[in-house]
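Student: Sharing a sequence plus its predicted fold:
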Amino acid sequence: MKTTDIIYLDNAATTRLSPAVLDAMLPYLNDCYGNPSSLYSLGRQSQTAITKAREEIAQSLNCDKREIYFTGGGSESNNWAIKTAAAILAESGTLAKKHIISSEFEHHAALHVLETLQKTGFEVTLLPVYKDGRVRVADLEKALRPDTGLVTIMHANNEIGTIQPIAEIGAVCHERGVWLHTDAAQSVGKIPVDIAALNVDFLTISGHKIHAAKGVGALYINKRIKFGSLIQGGGQERGLRAGTENVAGIVGLGVAVREAVDGLEAVTERLLTLRQKLCDGIVKIEKSHLNGSLQNRLPSNLNFSFEGIEGEALLLHLDLAGICCSSGSACTSGSLDPSHVLLALGLPHEIAHGSLRITTSKYTTDAEIDRFLEVLPGVVGRLREMSPLWNK
Ligand SMILES: *Cc1c(COP(=O)(O)O)cnc(C)c1O
């Protein structure tokens with residue numbers, strides 16, 4: 001099948017480049033190859049392009065341009081924020097602030113970092129997630145301790161798209177003098193993100209979730225905080241993130257953020273219409289369940305479980321029909337464990353196994369949704385006919 005015939009409904013996994021992003025990147029992959037740290041004009045050209053991208057992102061997300069630091073993606077930004085914050089908190093008095101609060105359904109780029117920190121003496125509390133797919137501010141208030149130094153809660157979940165009450169969490173954290181990091185890899189460019197209003201100290205951005213390139217991202221660091229580095233070496237990024245900059249990637253990220261934020265209103269309206277159509281079509285399949293509430297959810301996300309079938313089988317059969325979706329289970333590792341996100345919602349293993357994540361983008365068409373809805377019931381029906389789980 002030609003890639004142009006593929007129906008791509010896995011935009012929470014990654015997205016295609018926007019044409020404007022590609023156009024903006026190309027010169028920096030070609031003639032404008034100067035090192036941004038070099039003093040001659042070929043280098044300064046690259047430095048100027050990075051400055052412009054930083055300004056575009058700061059303006060679009062309402063922060064100061066000196067608070068945006070470019071990284072190698074969302075995973076690095078999460079690692080940087082959490083590991084370096086923990087190191088600073090530990091130094092200020094031999095693990096005096098040794099307690100970190102997070103949630104059960106964070107991305108592994110946060111959860112695995114927290115597991116590592118636990119091995120070195122930090123204590124971690126994971127807040128529960130309720131059926132609607134959200135944490136509760138009251139649970140956070142109860143979990144806070146005198147030795148809590150950091151809270152890290154994602155803005156929008158990557159599997160079920162539910163949006164967390166970050167501004168309220170930020171207010172509670174700041175009243176108690178606790179730092180707050182939010183992983184906004186799934187929210188920037190998809191819902192309004194006003195960093196000042198969110199009340200956060202650190203915020204993770206990933207390029208490839210919003211039609212920029214893979215391997216580029218950013219970390220917002222509140223300028224009140226004297227932070228340290230994760231990657232050490234040269235003096236790039238004001239001495240906080242070493243390594244010759246990914247100039248083309250950064251230029252593309254600037255354009256992608258601006259484009260997504262400027263076009264947000266119009267795109268949101270379209271995506272909500274598509275989501276309604278999808279939802280109306282899918283609920284006609286018997287024994288299908290929506291995971292997480294439709295309230296406080298990304299317009300681009302739906303996640304359904306189908307009783308009696310395995311998510312992996314569903315994916316493979318959809319792939320044969322040229323449709324790309326993802327299952328809550330398996331995730332990146334190809335493991336057969338059910339998704340930790342769906343288990344956190346309290347779904348039983350059998351139902352967590354039969355999940356399907358459908359994520360749209362501004363490039364998704366009405367015709368693609370129609371085609372998907374034509375194909376899906378037949379696939380679910382055929383898999384159920386073969387399933388011992390279903391016949392019981
Ligand atoms: C994709 C994603 C990441 C990781 O970002 P990369 O740029 O792929 O490293 C982190 N958190 C969330 C919520 C994501 O969706």
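Tutor: On my side now, so go ahead. Residues are numbered from 1 along each chain as shown.

Student: Pull the residues that contact stretch 359-371.
Tutor: Residues outside stretch 359-371 that contact it (C-beta atoms under 8 Å, 6 or more residues apart in numbering) are 7-13, 15-16, 161, 211, 263, 267, 270-271, 274-275, 277-278, 281, 300-302, 323, 326. From N, CA and C alone the C-beta is placed, and that goes for glycine too.

Student: Any of the residues you listed buried? List them.
Tutor: Neighbour-count burial (16 or more other C-beta atoms under 10 Å) is assigned, among the contacts of stretch 359-371, to 7-13, 15, 161, 211, 267, 271, 274-275, 278, 281, 300-302, 323, 326.

Student: In strands only, show me those.
Tutor: Among the buried ones among the contacts of stretch 359-371, DSSP state E puts 7, 8, 301, 302, 323 in strands.

Student: Let me see the ranges of the strands in the stretch 101-250 of the chain.
Tutor: 123-127, 148-152, 179-183, 202-206, 217-221 (DSSP state E, counting those that start in this stretch).

Student: Just name the most buried of those strands.
Tutor: Comparing the strands of the stretch 101-250 of the chain by mean neighbour count (mean count of other C-beta atoms under 10 Å), strand 202-206 ranks first with a mean of 30.

Student: Next, the angle from that strand to strand 217-221.
Tutor: Angle, strand 202-206 to strand 217-221, by axes from the mean of the first three to the mean of the last three C-alpha atoms, to 10 degrees: 170 degrees.

Student: chain center to strand 202-206: distance?
Tutor: Put simply, strand 202-206 sits 9 Å off its chain's centre (C-alpha atoms, centre = their mean, to the nearest Å).

Student: swap in stretch 241-255?
Tutor: Counting by C-alpha atoms, centre = their mean, stretch 241-255 comes out at 19 Å from the chain centroid.

Student: Also stretch 200-207?
Tutor: 10 Å.

Student: mind saving the C-alpha coords of that stretch as PDB?
Tutor: Taking C-alpha atoms only, stretch 200-207 is exported to PDB below (Å, rounded to 0.1, in the frame of the first residue of the first chain):
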ATOM      1  CA  VAL A 200       4.100  25.600  36.700                       C
ATOM      2  CA  ASP A 201       7.900  25.700  37.200                       C
ATOM      3  CA  PHE A 202       8.800  23.200  34.400                       C
ATOM      4  CA  LEU A 203       6.900  22.200  31.300                       C
ATOM      5  CA  THR A 204       7.900  19.500  28.700                       C
ATOM      6  CA  ILE A 205       7.300  20.100  25.000                       C
ATOM      7  CA  SER A 206       7.900  17.500  22.200                       C
ATOM      8  CA  GLY A 207       8.200  18.400  18.500                       C
END
